[in-house]
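Engineer: Structure, please.
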Amino acid sequence: MRSPLVARYARRYAESGLALVHVPNGEKGPRHRGWNDPANAITDPVDAERFWTRKPWYGIAALLEPSKIVALDVDDEQRAEQILAHFDIDLEALRATTPTVAGRHYRMIFRAPVEPLRHRSIAWPKQNSMGASSVILELRAGMVADTLPPSKHPTAGEYRWTVPPRDGFPPLPAGLLELWRDWETTQHAALALCPWYSPPKPRPAKAHRAVAPGESVIQQFNAAHEPSAILETHGYTRRGRRFASPETGHAAGITLLDDGRAYCHHQGDPLATGRALDSFDLFRILDHNGDWREAVKAAAAALGMGQSRAA
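Structural biologist: The predicted model follows:
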């Protein structure tokens, strides 16, 4: 008996080196516990074909980092063309020659560079809408999942290849890599192209108070840094007292609590720890992959302290 179409696709994806996870029918991405753990991904072609033969109602997604791929996801083609043209990148030409998945929008897939890249998104504020924004494009990387054909899109039928990956995936173009590397410049330039964007007024710096005897590096770091500033530095979009994760850009699932800490409701976000996070926690997770020792050393250096001390 011949395997279902989705199982044959799964086998070919695994043969090309992709790390696969299953997606509920009609969903944009995986939802099950542990989906973003590489140990749970399917990489063996026989296992992939067997799984989707048994459960052909599931869609297929690839975990980007273990698959050694990255993607350019275009949500607003006209504005994305404008932004990328500013950086001398021809979106139309890139789309014509790059393996591209189309659903409601489209996504181009590249071979990842050796250096690790963070997931980034470019959004413009919505005109005449206080605090809201619209994602224009995403530079997708890391432990996130991209859904692949022939999975079903929630509103646009089946995902499909408009340019199939016949010879694998091409390397990430130098122009796009530079956008990723110099993210601060990229973000400022993209916002400056928005006709109705007005830069926010500078907020008063957090007042530095006297350091109490015996106060730890972490306490001093929290006294000197606002959680909101750390979130914005890492691409989280402010919406009042809430922030939208750069992983999605669509839902403001991070809340600033009355005590100044932040709580993340975004599934799959590195800040979704199940507890409220202070400034040092955000710095530790976003800048040092959760490494306490390295974060304390870096915080001590930033504060000009001669010797770091744990909390």
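Engineer: separation between Val296 and Asn222?
Structural biologist: Computed with Cβ to Cβ, to the nearest Å, the distance linking Val296 and Asn222 is 12 Å. Every residue, glycine included, has its C-beta placed from N, CA and C.
Engineer: Revised request: answer the last question for Pro125.
Structural biologist: With distances taken as Cβ to Cβ, Pro125 is found 30 Å from Asn222.
Engineer: Quick check: which helices or strands does the lowest-mean-pLDDT helix or strand in the chain pack against?
Structural biologist: Averaged element by element with mean pLDDT, DSSP states H and E, the chain has its least confident helix or strand at strand 237-239 (a mean of 75). Strand 237-239 is packed against helix 227-233, with contacts defined by 3 or more Cβ pairs under 8 Å, 6 or more residues apart in numbering; DSSP states H and E.
Engineer: Do a quick rundown of the helices in the stretch 201-311 of the chain.
Structural biologist: 217-224, 227-233, 279-288, 292-302 (DSSP state H, counting those that start in this stretch).
Engineer: re the thing from before, please say which of Pro125 and Asn222 ends up with more neighbours.
Structural biologist: For the pair Pro125 and Asn222, the greater number of neighbours falls to Asn222 (20 against 17), based on other Cβ atoms under 10 Å.
Engineer: give the contact list for the more buried one.
Structural biologist: The neighbourhood of Asn222, defined by Cβ atoms under 8 Å, 6 or more residues apart in numbering, consists of Asp278, Ser279, Phe280.
Engineer: could those be laid out in TSV, adding pLDDT?
Structural biologist: Output for the contacts of Asn222, formatted as TSV (pLDDT from 0 to 100):
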residue	pLDDT
Asp278	91
Ser279	89
Phe280	90
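Engineer: Give the ChimeraX command for selecting the buried subset of those.
Structural biologist: Here the buried members of these are turned into a ChimeraX selection, burial being counted by 16 or more other Cβ atoms under 10 Å:
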select :278,279,280
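Engineer: Name the nearest of the contacts of Asn222 relative to Pro227.
Structural biologist: Distances from Pro227 to the contacts of Asn222, taken as Cβ to Cβ, are shortest for Ser279 (5.1 Å).
Engineer: isn't Leu271 right next to Ile285, touching?
Structural biologist: Yes - between Leu271 and Ile285 there is a contact under Cβ atoms under 8 Å: 6.1 Å.
Engineer: list the residues that contact both of those two?
Structural biologist: In terms of Cβ under 8 Å, 6+ apart, Leu271 and Ile285 are both contacted by the residues Leu277.
Engineer: Neighbouring strands - and their directions - for the helix or strand containing Asp146?
Structural biologist: Using DSSP states H and E, Asp146 sits within strand 145-148. For strand 145-148, the paired strands and their directions (DSSP bridges) are strand 59-63 (antiparallel).
Engineer: Outside of the strand it pairs with itself, list whatever touches it.
Structural biologist: In this structure, residues lying in contact with strand 59-63 by Cβ under 8 Å, 6+ apart are 6, 9-10, 13, 18-25, 27, 29-30, 36, 38, 41, 52, 69, 143-148, 151-152, 159.
Engineer: next one: it to chain centre, how far?
Structural biologist: Computed by Cα atoms, centre = their mean, to the nearest Å, the separation of strand 59-63 from the middle of its chain amounts to 16 Å.
Engineer: Would you mark the buried spots in that strand?
Structural biologist: For strand 59-63, the neighbour count (16+ other Cβ under 10 Å) marks Gly59, Ile60, Ala61, Ala62, Leu63 as buried.
Engineer: what about the strands in this protein?
Structural biologist: 19-23, 59-63, 69-74, 100-102, 106-111, 120-125, 133-140, 145-148, 160-163, 237-239, 242-244, 254-256, 262-264 (DSSP state E).
Engineer: Single out the most deeply packed of those.
Structural biologist: Across those, averaging neighbours per residue (mean count of other Cβ atoms under 10 Å) puts strand 59-63 on top, at a mean of 26.
Engineer: which stretches of the stretch 201-311 of the chain aren't confidently modelled?
Structural biologist: Low-confidence regions of the stretch 201-311 of the chain, defined by pLDDT under 70, span residues 201-215, 247-252, 266-268, 305-311.
Engineer: and if we set it to 50?
Structural biologist: Across the stretch 201-311 of the chain, the ranges flagged by pLDDT under 50 are 202-203, 205, 207-214, 249, 307-311.
Engineer: show me the contacts for Ser67.
Structural biologist: Counting by Cβ under 8 Å, 6+ apart, Ser67 makes contact with Gly17, Leu18, Ala19.
Engineer: That one and Ala141, how far apart?
Structural biologist: As it turns out, when the distance is counted by Cβ to Cβ, Ser67 lies 11 Å from Ala141.
Engineer: That's all I had, so thanks and see you.
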